[in-house]
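Undergrad: This is a predicted model, with the sequence first.
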Amino acid sequence: MPTRKSIIRTTLLALVLGLLIVPYVPVGAWPLPDTGSMEPTMRGCDLLVYGPADDVEVGDVVIFDAPWRDGLVIHRIVGETSQGYVLKGDANAAPDPMLVPEKRVVAEVHHVVESGGAFEGICDPVSDAALTAFDATSDLIYP
């Protein structure tokens with residue numbers, strides 16, 4: 001269980017990043033859901049630093065609104081056609097069931113911070129609330 005000190009440290013770090021960096025750089029941070037589809041590249045509770053999906057290409061990891069399910073998905077672009085991107089989780093045997101049009105790609109993952117260290121306790125509710133606040137700051141400045 002995370003200590004009170006680690007919870008406070010994580011919360012303060014997220015708030016400082018949200019207030020100092022976000023006004024100048026269009027990024028956000030999001031703890032990765034623990035689905036296993038992107039292992040070993042990313043594991044549940046790793047912190048994803050993302051930004052606009054301006055020039056994505058094959059090999060990039062993107063966050064997208066999946067046409068076949070509710071909510072956002074994080075997978076790698078493994079192909080491209082005139083109708084959209086072919087996406088696949090690194091741990092999945094096959095590509096996703098449908099092509100994803102460019103307009104459904106909402107962000108590109110630029111960096112992954114492994115859970116632990118400064119982000120110890122990232123999956124606990126208090127830390128998650130701090131990251132949500134950080135992300136909301138990003139959404140206000142870069143809707």
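TA: Noted; the coordinates are in hand. Since this is a predicted model, take the numbers as computed values, not measurements.
Undergrad: Isn't F64 up against V109?
TA: No. The criterion here is CB atoms under 8 Å, and F64 misses it with V109 at 10.9 Å. Where you see a C-beta, it was placed from the backbone N, CA and C, and this is true even at glycine.
Undergrad: residues near S37, how many?
TA: 19 (other CB atoms under 10 Å).
Undergrad: In contact with the nearest residue to it once chain neighbours are set aside: list those residues for me.
TA: In space, and not counting its chain neighbours, S37 is closest to G89: 3.1 Å by CB to CB, 6 or more residues apart in numbering. Going by CB atoms under 8 Å, 6 or more residues apart in numbering, G89 touches 35, 37-38, 75-76, 96.
Undergrad: go with 6 Å
TA: Going by CB atoms under 6 Å, 6 or more residues apart in numbering, G89 touches 37-38, 75.
Undergrad: Keep only those of those residues that are in strands.
TA: H75 (DSSP state E).
Undergrad: Quick check: of the contacts of G89, which lies closest to K103?
TA: Closest to K103 out of the contacts of G89 is H75 (16.5 Å), distances taken as CB to CB.
Undergrad: All set, thanks.
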